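Q: The following comprises the amino acid sequence and a computationally predicted model.
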Amino acid sequence: MTKNKISVLVIDSDPKSLTHTTKLLESNTSVCKIDSAEDSDKALFKMIEETPDMVLIEYPTKGNAGKELIKYIKTKLADTTIIFVSETKDYAADAIQNEIFNYLLKPVPGEELKKIINKALLIKQTNIRTRINDLIESTQEEGKIKIQTTRGYFVIHPDEIIYCKADGFCTEVVLTSGRVEVSYIFLSKLEEMLRLFNFLRINRSYVVNQKYIRKIYRGSYNVVLSHDGKEYEIKGSKTILKDLSNYETNI
């Protein structure tokens, strides 16, 4: 996603209300992607792979995962702006207890939504600048990056990473040493960290180090990575891989 636009997830069980909110978002040039879910259960599954910049949550939440959804966003997606949307003001206290300070009544008012979108965009741009500065500082010092894992963190040079694979709430980091580290960082966040080091996201679940690409099979769009005699074959996206013509291919 571009740093000048935001992605939004709308959770609403009322089709009429969902259509109204979606139209408001579609008309805003600062919004680049809109996704939706009818309840908290479906929303939680969507957010395993996606990291929306803003989430509008119908409240009280429908489904069985309302508390888990809010906790997940606040702990795993700390940069995401949360908005409660309700039929009544009666749940404003619940929003404050959850430390959520964006509260809108249905039908969602366009001007208020626009203000929140502008704030969410500013938060995203500020966080991106901070992360880039931190990354530049770390790479200038030692050419390495720090990755959080289930046991703490490890510091490594990007060339030691062959590929990263999304695995539910975690990401597997496959290293040239043969070791596999499990990180709590989402694949999209790792992709952002590694993009400066010639890494490429070849499908929804994989980010690969282009240094280790040996073959691309154009017929199946499979990518073969190789290191120290060991090969890893991964299914790639046709859209992404069709422009990679510098590698050995097999039609």
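A: All right, it came through fine.

Q: how far away is the closest residue to Glu58 other than its chain neighbours from Phe45?
A: Leaving aside its chain neighbours, Glu58 sits nearest to Asp12 (4.6 Å; criterion: C-beta to C-beta, 6 or more residues apart in numbering). C-beta here means a position set from N, CA and C on the backbone, and glycine is covered the same way. Plainly put, Asp12 is 16 Å away from Phe45 if you go by C-beta to C-beta, to the nearest Å.

Q: Looking at those two, which has the bigger crowd around it?
A: Asp12 (24 against 12; other C-beta atoms under 10 Å).

Q: Might one say that that one is in contact with Thr21?
A: Yes. With contact defined as C-beta atoms under 8 Å, Asp12 reaches Thr21; the gap is 6.6 Å.

Q: How far does the helix or strand encompassing Val85 sit from its chain's centre?
A: When elements are assigned from DSSP states H and E, Val85 belongs to strand 81-86. The chain centroid and the centroid of strand 81-86 are separated by 19 Å under C-alpha atoms, centre = their mean, to the nearest Å.

Q: Counting by contacts, list what it packs against.
A: Counting by 3 or more C-beta pairs under 8 Å, 6 or more residues apart in numbering; DSSP states H and E, the packing neighbours recorded for strand 81-86 are strand 54-58, helix 66-76, strand 103-105, helix 110-142.

Q: Excluding covalently adjacent residues, which one is nearest to the residue nearest the centre of the chain?
A: Nearest residue to the geometric centre of the chain (C-alpha atoms, centre = their mean): Thr51, 3.1 Å. Spatially, and ignoring its direct neighbours in sequence, Thr51 is nearest to Ser188 (4.9 Å; C-beta to C-beta, 6+ apart).

Q: go on, Ser40?
A: The shortest distance from Ser40 to any non-neighbouring residue, by C-beta to C-beta, 6+ apart, is to Gly63 (3.8 Å).
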